[in-house]
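Engineer: Predicted structure and sequence below. I'll ask about it afterward.
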Amino acid sequence: MKEKPFAITLDVGSSLANRTGAWRTERPEYVHRLPPCNQACPAGENIQQWLFHAESGDYESAWRQLMRDNPLPAVMGRVCYHPCETACNRVQVDNAVGINAVERFLGDEAIKRGWRVEAPAASSGKQVLVVGSGPAGLSAAYHLRLLGHEVTIREAQERPGGMMRYGIPRYRLPREVLDAEIDRILALGVTLECGTRVDDVLAARRDGGFDAVFLAVGAGIGRRTYIPAGDSAHILDAVALLGSMEGEDPPLLGRTVAVYGGGNTAMDAARTARRLGATDAVVVYRRTRDRMPAHDEEVEEALEEGVRLKWLSTIKHVGGGRLTVERMRLDESGFPQPTGEFEELDADTVVLALGQDSDLSLLKGMPGLTVDHGTVRVAEGLITGQEGIFAGGDMVPDERTVTVAVGHGRKAARHIDAYLRGTPRAPGAKHAPAGYDRLNTWYYSDAPASVRPRLELARRVSTFDEVMQGLDESTALFEARRCMSCGNCFECDNCYGVCPDNAITKLGPGQGFAIDLDYCKGCGLCVAECPCGAMEMVPEE
């Protein structure tokens, strides 16, 4: 009788050794999740990807990735209110990644080094008219040109930029930066016609032989309200004030200035008044600070510069260098109600910052368009009710910021391209968001955010020099490296190192990892130890 051995010994790595995959009820998989910064960016930037290039020191690759979505990074790095940072998961560890500061660094680096984007070699033969050269118009023109179309921008003002030039003060956006980024867009072969007002869109399209039109006229008309005033009262709107700063002679406002309103434009008007010599600039607002539409950073900088804020107040009369304000109170719904209590303030000039409207006269008589509360209604893809005519930026219902407008231009360009080619554009698949609960933050070092330097206060109220300064290279590199790569593998090798079965194989730089399911027993250790939440356990098939 043949004797059976008590055990069979197999060599390590043989075809039968350690094949424990049959034990699994779940197996790990690598996944791609949508980073919260990307999800929150109105311009549609792939923030995590360009930060990945920046943290390796490859700034040009980072800038080129950024330019795929946003042609104005140096501008946006100055004027964007960075909702991406509000959404950043790192804020729950120490501070949000300074995405906006790194974006500005990359934009400035591109201007300094003269980086350019190449125009397409071939033309589609299609002609597109863009009405308005603000952020939405410039963004649309840029993306349309890269898609191979011939683009003409018509701008009513003498210089391009829209409200970036005529609404944002120089201390926030230096004009040489704006001009450099506009010139780079024009260098692609975009035709710019300034001082050319479009009064009839359909006629302009027909006469110019344009195959499509993108409307981006912005909101450049300051809203007015009736205020009883004496003959000597000096009242102007904030849009006119800020726009006049582009002329040779600055406006004369006097020593005391009152600004009526509570938005970012009101803050800009008051801070501009201080720089023009006003010893007292007061913002009169009928609600409380927590209900102000102005962003906190704008309010804080205004307060630092000596602007006074008068809450729960409304202007009742202006005249003779004085204005009468009435105290208000908020009712149960938060709406201000008069109290019958009055006081007087000195005011050589009153500036109205009560909101802005778009000049929609160019749409008069156009069939199919719907105008509601001063904005043009658009469908998915920003197309209007008129075939071949699209609209975006401040003239459509949405938040009115440069970032939103740049995103509108990009989105419209893609849908205009699909319209011109006769191919319907299907929305792309969306990854699931990468929430904080999926991260293993133990692996990340404490690294508080870098503080962007600011111009000293004494110079801020006497010049229009830029207030917020940029990061130097070493600080920008540090800031980029604070990114936790939420939801996407950055090849930290943790999964490779902790796997007890050596079931994970490195595929090479930039290629990630593979899981050998013959040996993976589904313990889930790799998923538990992944810092960025780029793995998950799924039921075994």
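Structural biologist: Right, received. Where do you want to start?
Engineer: Next, give phi and psi for residue 89.
Structural biologist: phi -60, psi -20 (degrees, to the nearest 10).
Engineer: Next, the contact list for it, please.
Structural biologist: With contacts defined as Cβ atoms under 8 Å, 6 or more residues apart in numbering, residue 89 is in contact with 36, 434-436, 439, 484, 486. From N, CA and C alone the C-beta is placed, and that goes for glycine too.
Engineer: if you go through the stretch 201-350 of the chain in chain order, where are the strands?
Structural biologist: For the stretch 201-350 of the chain, the strands defined by DSSP state E, counting those that start in this stretch cover 212-215, 221-222, 235-237, 256-260, 280-284, 308-310, 313-319, 322-330, 336-346, 349-352.
Engineer: Which one of these lies nearest to residue 369?
Structural biologist: Nearest of the strands of the stretch 201-350 of the chain to residue 369, taken as Cβ to Cβ: strand 212-215 at 9.8 Å.
Engineer: For that closest one, the averaged confidence score.
Structural biologist: Averaging pLDDT along strand 212-215 yields 98.
Engineer: same thing with stretch 56-71?
Structural biologist: 97.
Engineer: where along the stretch 351-500 of the chain do the strands fall?
Structural biologist: Applying DSSP E, counting those that start in this stretch to the stretch 351-500 of the chain gives strands spanning 356-357, 371-372, 375-376, 389-391.
Engineer: no no, the stretch 51-200 of the chain
Structural biologist: With DSSP E, counting those that start in this stretch as the criterion, the stretch 51-200 of the chain has strands spanning 127-131, 150-155, 191-194.
Engineer: In stretch 442-457, which of the residues would be classed as buried?
Structural biologist: 444, 449-450 (16 or more other Cβ atoms under 10 Å).
Engineer: Which single one of these is nearest to residue 109?
Structural biologist: residue 450 (16.3 Å).
Engineer: Could you pull up the residues touching residue 262?
Structural biologist: 283, 285-287, 291-294, 353.
Engineer: how about the residue nearest the centre of the chain, what does it touch?
Structural biologist: Taking Cα atoms, centre = their mean, the centroid of the chain lies closest to residue 403, which sits 3.1 Å from it. Counting by Cβ under 8 Å, 6+ apart, residue 403 touches 41-43, 76, 80-81, 83.
Engineer: top of those by neighbour count?
Structural biologist: residue 43 (27 neighbours; other Cβ atoms under 10 Å).
Engineer: tell me the secondary structure for that residue?
Structural biologist: Using DSSP: H, G, I helix; E, B strand; the rest coil, the secondary structure recorded for residue 43 is coil.
Engineer: what about it, distance to residue 166?
Structural biologist: Per Cβ to Cβ, to the nearest Å, residue 43 is found 21 Å from residue 166.
Engineer: The nearest residue to residue 242 once chain neighbours are set aside: how many residues sit nearby?
Structural biologist: Leaving aside its sequence neighbours, residue 242 sits nearest to residue 167 (Cβ to Cβ, 6 or more residues apart in numbering; 5.3 Å). For residue 167, the neighbour count with other Cβ under 10 Å is 25.
Engineer: burial count for the closest residue to residue 477 other than its chain neighbours?
Structural biologist: Nearest residue to residue 477 in three dimensions, chain neighbours excluded: residue 57, at 6.3 Å (Cβ to Cβ, 6+ apart). The local packing of residue 57 (other Cβ under 10 Å) involves 13 other residues.
Engineer: confidence score at the spatially closest residue to residue 383 that is not a sequence neighbour?
Structural biologist: Counting by Cβ to Cβ, 6+ apart, residue 390 is the residue found nearest to residue 383 once chain neighbours are left out, at 5.2 Å. Here, the pLDDT recorded for residue 390 equals 97.
Engineer: ok, now which ones touch residue 390?
Structural biologist: 212-215, 378, 381-384, 412, 415-416 are the contacts of residue 390 under Cβ under 8 Å, 6+ apart.
Engineer: returning to what we had before: filter the contacts of residue 262 down to the buried ones, ChimeraX style.
Structural biologist: Applying 16+ other Cβ under 10 Å to the contacts of residue 262 leaves a buried subset, and the ChimeraX line that selects it is:
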select :283,285,286,287,292,294,353
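Engineer: gap between the residue lying closest to residue 462 once chain neighbours are set aside and residue 461?
Structural biologist: Once flanking residues are discounted, residue 462 sits nearest to residue 275: 7.0 Å by Cβ to Cβ, 6+ apart. Using Cβ to Cβ, residue 275 is found at 6 Å from residue 461.
Engineer: Please identify which of these two sits among more neighbours.
Structural biologist: residue 275 (20 against 17).
Engineer: That one contacts residue 459, doesn't it?
Structural biologist: No - look at residue 275 against residue 459 with Cβ atoms under 8 Å: they stay out of range, at 10.2 Å.
Engineer: picking up where we left off before, dump the strands of the stretch 351-500 of the chain into JSON lines; add distance to residue 503 as well.
Structural biologist: Formatted as JSON lines, the strands of the stretch 351-500 of the chain follow (distance: least, Cβ to Cβ, whole Å):
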{"stretch": "strand 356-357", "distance to residue 503": "60"}
{"stretch": "strand 371-372", "distance to residue 503": "59"}
{"stretch": "strand 375-376", "distance to residue 503": "57"}
{"stretch": "strand 389-391", "distance to residue 503": "52"}
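Engineer: okay, now residue 227: neighbour count?
Structural biologist: Neighbour count of residue 227, defined by other Cβ under 10 Å: 18.
Engineer: I'd assumed residue 319 was in contact with it.
Structural biologist: No - assessed by Cβ under 8 Å, residue 227 is found out of contact with residue 319, at 9.9 Å.
Engineer: what about this protein, any weak spots by pLDDT?
Structural biologist: 1-22 (pLDDT under 70).
Engineer: about what we covered before: columns distance to residue 265 on top of the buried residues of stretch 442-457, output as JSON lines?
Structural biologist: Formatted as JSON lines, the buried residues of stretch 442-457 follow (distance: Cβ to Cβ, whole Å):
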{"residue": "444", "distance to residue 265": "39"}
{"residue": "449", "distance to residue 265": "28"}
{"residue": "450", "distance to residue 265": "29"}
